[in-house]
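1. here are the coordinates; sequence isn't available:
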């Protein structure tokens, strides 16, 4: 049982989140009010939390900016405080979390960044929930519609490509036939010059 408590720690820095999240177990009668103050190396106040509690008065505290502090000062404003356990975690390099920074955040966490308990701050599109493991049907509908539209576009593109190929082949065939026909007439005329000369010398046939 304590009236005031001063905890000296080496260094704690928290830069993981941009939102303030503080939870406690509040007493219905309003008794047992406490405050937690974080002091830096020159004993200047950098953060102050006031709360009330029953069995455990601090469940989780995530600080909303860059806080570097060396001293935690717990003041009992009213009632009594029975301190059972204190756990203080520093930052892990992403995508790791946990007391020893060996656990890995879920891939569905945005930028694969999570709390020291593995909870995601934000989710990648299409996911929701504490651990971003829930899938959003609306996003899937959107993705499915987009995939269908892209498939239709690609099929139309393929149709146009096939039509162009068929037209080009048809033009080539027509040109080839014209060349063959003209060439055949030319070679026929070149191969029978005497017959043509004989026909010309005889003149028109008599009836």
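-> Happy to help now that I have it. Being a predicted model, the structure only gives us computed values, none of them experimental.
2. Every contact and neighbour count from this point should use C-alpha atoms.
-> Noted.
3. Name the residues of stretch 114-133 that are buried.
-> Going by neighbour count (16 or more other C-alpha atoms under 10 Å), the buried part of stretch 114-133 is 114-116, 118-123, 126-128, 131-133.
4. between those, which is nearest residue 165?
-> Nearest to residue 165 among the buried residues of stretch 114-133, counting by C-alpha to C-alpha, is residue 126 at 40.9 Å.
5. for the closest one, phi and psi?
-> Phi and psi for residue 126, reported as degrees, to the nearest 10, are phi 100, psi 0.
6. And residue 104, by the same measure?
-> Note on residue 104: its backbone torsions stand at phi -110, psi 130 [degrees, to the nearest 10].
7. Measure how buried residue 98 is and give me the count.
-> A count of nearby residues for residue 98, using other C-alpha atoms under 10 Å, gives 18.
8. Tell me who's in contact with it.
-> Counting by C-alpha atoms under 8 Å, 6 or more residues apart in numbering, residue 98 makes contact with 92, 116, 117, 118.
9. which one of the buried residues of stretch 114-133 is nearest residue 187?
-> residue 126 (72.9 Å).
10. and that closest one, how far is that from residue 136?
-> Distance, residue 126 to residue 136, using C-alpha to C-alpha, to the nearest Å: 5 Å.
11. hmm, back to that, so among the buried residues of stretch 114-133, where is pLDDT lowest?
-> pLDDT across these is lowest for residue 116, at 76.
12. Pretty sure it sits against residue 94.
-> No: contact between residue 116 and residue 94 fails when scored by C-alpha atoms under 8 Å: they sit 10.8 Å apart.
13. mind listing what residue 108 touches?
-> 123, 124, 127, 131, 132, 133.
14. nearest to residue 104, of those?
-> residue 131 (11.9 Å).
15. Reduced to three states, what does that closest one come out as?
-> coil (DSSP: H, G, I helix; E, B strand; the rest coil).
16. check contacts around it.
-> Residue 131 neighbours (C-alpha under 8 Å, 6+ apart): 106, 108, 109, 118, 119, 120.
17. Quick check: it vs residue 125, distance?
-> From residue 131 to residue 125 the distance is 13 Å (C-alpha to C-alpha).
18. ok, now residue 109?
-> Taken as C-alpha to C-alpha, the span from residue 109 to residue 125 is 10 Å.
19. Next: residue 181.
-> Going from residue 181 to residue 125 by C-alpha to C-alpha gives 65 Å.
20. quick one: which helix or strand includes residue 125?
-> If you go by DSSP states H and E, residue 125 is not part of any helix or strand.
21. what pLDDT does it get?
-> Taking residue 125 on its own, its pLDDT is 90.
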